[in-house]
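1. structure, please.
(one chain, ligands or ions: 1)
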Amino acid sequence: MRRKLAAGNWKMNGTRASLAELAVLAKTHAASEVDILICPPATLLTAACGHAPLMIGAQDCHMATSGAHTGDISAAQIKDAGATAVIVGHSERRVAHEEHSEIVRAKARAAQAEGLTAIVCLGESLAQREAQNTLDIIGGQLAGSIPDNATGENLVVAYEPIWAIGTGLVPDLAQIGEVHDFIRSRLERRFGAGVGRSVRLLYGGSVKPDNAADIFTVPNVDGALVGGASLTAADFSPIITALETV
Ligand code: PEP
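-> All right, here's what the predicted structure looks like:
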């Protein structure tokens with residue numbers, strides 16, 4: 001009942017030359033039955049649009065609609081650029097920009113108010129996992145970062161253990177399953193079964209062509225948020241194919 005989603009986060013990578021990758025992906029997956037979302041840097045948002053069936057998203061937004069916020073972009077501007085989604089609460093922003101859950105929630109609310117899908121990221125550090133605090137951390141981030149008006153259309157949740165991002169380390173399938181089941185049950189408890197079961201849950205953290213198919217067999221994994229392996233069609237396309245064939 002939930003449509004699968006393969007999302008790529010280009011982070012601070014890519015120039016106009018990189019848009020050629022989108023053309024390849026769009027052609028290869030023209031008849032795809034999964035959603036494919038690319039989140040390029042803000043400089044490429046408008047230029048990245050127009051490669052159907054690919055959808056385009058941003059990597060962050062400000063919580064205000066406009067004003068004196070040098071260097072930031074608003075959800076309205078992201079929508080105006082042609083994007084339909086925005087990542088909020090990525091650990092690189094939670095850590096490097098000290099964005100705590102209250103800020104993430106305000107950003108998600110701003111995105112949803114503009115009709116964008118907010119992709120809210122959650123994840124524990126290695127120290128937190130080793131201290132067996134993973135579910136407490138995820139539960140706290142989930143409660144604090146998700147606005148009250150969540151629906152299956154305006155919210156996607158991405159579980160991204162910080163220690164797995166860009167490291168080549170991946171939790172085992174049981175660990176991924178435990179956290180995804182936990183997120184699902186918390187969403188159902190807070191929003192009711194209808195909404196709770198309709199929100200898509202992505203796994204993120206060193207997803208590659210050679211591990212994607214296994215990860216996609218885990219219950220409650222509805223797709224992936226992919227960093228490094230989303231930068232080229234050669235790497236991202238097999239991940240999309242794995243999701244299409246699961
Ligand atoms: C990310 O930063 O969202 C991510 C999952 O990165 P990578 O796939 O490179 O680990």
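
2. how many neighbours does the residue of the chain found nearest the ligand have?
-> The chain approaches the ligand most closely through G227 (2.2 Å), counting by CB to the nearest ligand atom. Where you see a C-beta, it was placed from the backbone N, CA and C, and this is true even at glycine. Residue neighbour count, defined by other CB atoms under 10 Å, stands at 22 for G227.

3. just the pLDDT at it, thanks.
-> G227 carries a pLDDT value of 98.

4. ok, now M1?
-> 81.

5. what sits against it?
-> R197, S198 (CB atoms under 8 Å, 6 or more residues apart in numbering).

6. repeat that with 10 Å
-> M1 sits next to G152, R197, S198 when contact means CB atoms under 10 Å, 6 or more residues apart in numbering.

7. so for the helix ranked longest in the chain, what gets flagged as buried?
-> When the chain is parsed with DSSP state H, its longest helix is helix 173-198. When burial is assessed from 16 or more other CB atoms under 10 Å, helix 173-198 yields the following buried residues: 176-180, 182-184, 186-187, 191, 195-196, 198.

8. look up phi and psi at the residue located most distally from the centre of the chain.
-> Distance to the chain centre peaks in the chain at A68, reaching 27.6 Å (criterion: CA atoms, centre = their mean). Main-chain torsions, A68, degrees, to the nearest 10: phi -90, psi 80.

9. what does L201 give?
-> phi -110, psi 120.

10. F216 versus that one, what's the distance?
-> Applying CB to CB, to the nearest Å, one obtains 12 Å for the distance of L201 from F216.

11. could you find the closest non-adjacent residue to A52?
-> A26 (6.5 Å; CB to CB, 6 or more residues apart in numbering).

12. what sits against that neighbour?
-> S32, I36, I38, G50, H51, A52, P53, L54, A233.

13. A58 is in contact with L45, correct?
-> Yes - the criterion here is CB atoms under 10 Å, and L45 meets it with A58 at 6.2 Å.

14. between the two, who's got more neighbours?
-> When neighbours are counted by other CB under 10 Å, L45 and A58 differ, and A58 comes out ahead with 25 against 21.

15. ramachandran coordinates for the nearest residue to G223 once chain neighbours are set aside?
-> Excluding the flanking residues, the one nearest G223 by CB to CB, 6+ apart is L5, at 3.8 Å. According to degrees, to the nearest 10, the main-chain angles of L5 amount to phi -140, psi 120.

16. I figured L5 hits I38, correct?
-> No - applying CB under 10 Å as the test, L5 and I38 come out as separate, 11.7 Å apart.

17. now do the shared contacts for those two.
-> What both L5 and I38 touch, as defined by CB under 10 Å, 6+ apart, is the set M55, A85.

18. circling back: most surrounded residue in the contacts of A26?
-> Going by other CB under 10 Å, I38 tops these with 30 neighbours.

19. any idea which element that residue lies in?
-> strand 35-39 (DSSP states H and E).

20. and stretch 220-233, how far out from the chain's middle?
-> 9 Å (CA atoms, centre = their mean, to the nearest Å).

21. before I go, just wanted to say thanks for your time.
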